[in-house]
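**Student:** attaching a predicted model along with its sequence, questions to come.
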Amino acid sequence: MTPNDPIASLISLLSRLPGIGTRTAARLAFHVLEGEQQYAEALGEALRGIHDRVTRCELCGNYGAESRCAICQDPRRDTSLICVVAKVPDLIALEALGSFRGRYHVLHGLLAPLDGIGPNQLPLDALERRIAEEGVNEVIVATPLNVEGEATALYVADALSASAVRVSRIAAGVPHGGELEFTDQVTLGRALEDRRAVR
Ligand SMILES: [Zn+2]
């Protein structure tokens, strides 16, 4: 690839996105090239400065344009209920159900000792603080139903055992090992509905 080959450069950049191989990257690049120039420019504009324009919510870790995300700012949300998720796409999947009226706490990761991710890397202090300050009485741990997700759920339950908060776990039904963000809405809705107390 030479620096003055704009198509090769675009394909190379696109192929670094998750799940996008070189062939898909090429298909996308030509789609943009052969489409309206306005779209290509809007796409470039949306990408430019995304890191500066988007910030993590100071309460829950969700992404937004302000220090507090739209969910945390919404007065209709039930502040007594917090759903713990591994990442923002899982929050988006749960929001798409339209049935969850509580708020979230995004870990931005899961316990993975082999990868050097221990409890100190997860924002659990912040979660404990919220429970103390926001009148929370239930924490639903909606981490994925795989080894790391289960280990994280147990750790969260343990860390909160001293507080009076009820800790529950989404029910099995989400395909085992499956990611929440790829789970169909009916299954995900049922897993949330049928949650069980951790202890
Ligand atoms: Zn928030």
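**Tutor:** Good, I have the coordinates.
**Student:** start and end of stretch 106-117, how far apart?
**Tutor:** From its first residue to its last, stretch 106-117 covers 15 Å (CA to CA, to the nearest Å).
**Student:** sorry, wrong one. I was asking about stretch 68-83.
**Tutor:** End-to-end for stretch 68-83, by CA to CA: 17 Å.
**Student:** then stretch 108-124?
**Tutor:** 11 Å.
**Student:** give me the low-pLDDT residue ranges for this protein?
**Tutor:** 1-3, 173-178, 199 (pLDDT under 70).
**Student:** quick one: the helices in it?
**Tutor:** 6-14, 22-34, 37-47, 50-53, 70-73, 88-97, 124-133, 147-159, 185-193 (DSSP state H).
**Student:** now do the buried residues in the second one.
**Tutor:** Meaning helix 22-34. 25, 26, 28, 29, 32 (16 or more other CB atoms under 10 Å). Backbone N, C-alpha and C define where each C-beta goes, glycine included.
**Student:** cool, and the last one?
**Tutor:** Judged by neighbour count using 16+ other CB under 10 Å, the buried positions of helix 185-193 are 188, 189, 191, 192.
**Student:** for the ion, see how far away the third one is.
**Tutor:** In this case it means residue 191. 22 Å (CB to the ion, to the nearest Å).
**Student:** if I look at that residue, how far off is residue 85?
**Tutor:** Residue 191 sits 13 Å away from residue 85, taking CB to CB, to the nearest Å as the criterion.
**Student:** where do the contact lists of these two overlap?
**Tutor:** residue 142 (CB atoms under 8 Å, 6 or more residues apart in numbering).
**Student:** need the contact list for residue 58.
**Tutor:** Contacts for residue 58 (CB under 8 Å, 6+ apart) come out as 67, 68.
**Student:** then the one 5 residues further on?
**Tutor:** Residues near residue 63 by CB under 8 Å, 6+ apart: 54, 55, 56, 57, 69, 88.
**Student:** ditto for residue 106
**Tutor:** By CB under 8 Å, 6+ apart, the neighbours of residue 106 are 56, 60, 61, 62, 85, 86, 87, 88, 91, 123.
**Student:** residue 107 too?
**Tutor:** Counted by CB under 8 Å, 6+ apart, residue 107 has contacts 61, 84, 85, 86, 87, 122, 123, 143, 152.
**Student:** the residues you listed, buried ones only, as a PyMOL selection?
**Tutor:** The PyMOL selection below is limited to those of the contacts of residue 107 classed as buried (16+ other CB under 10 Å):
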select buried, resi 61+84+85+86+87+122+123+143+152
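**Student:** take the contacts of residue 107 and keep only those in strands.
**Tutor:** Per DSSP state E, strands hold the following members of the contacts of residue 107: 84, 85.
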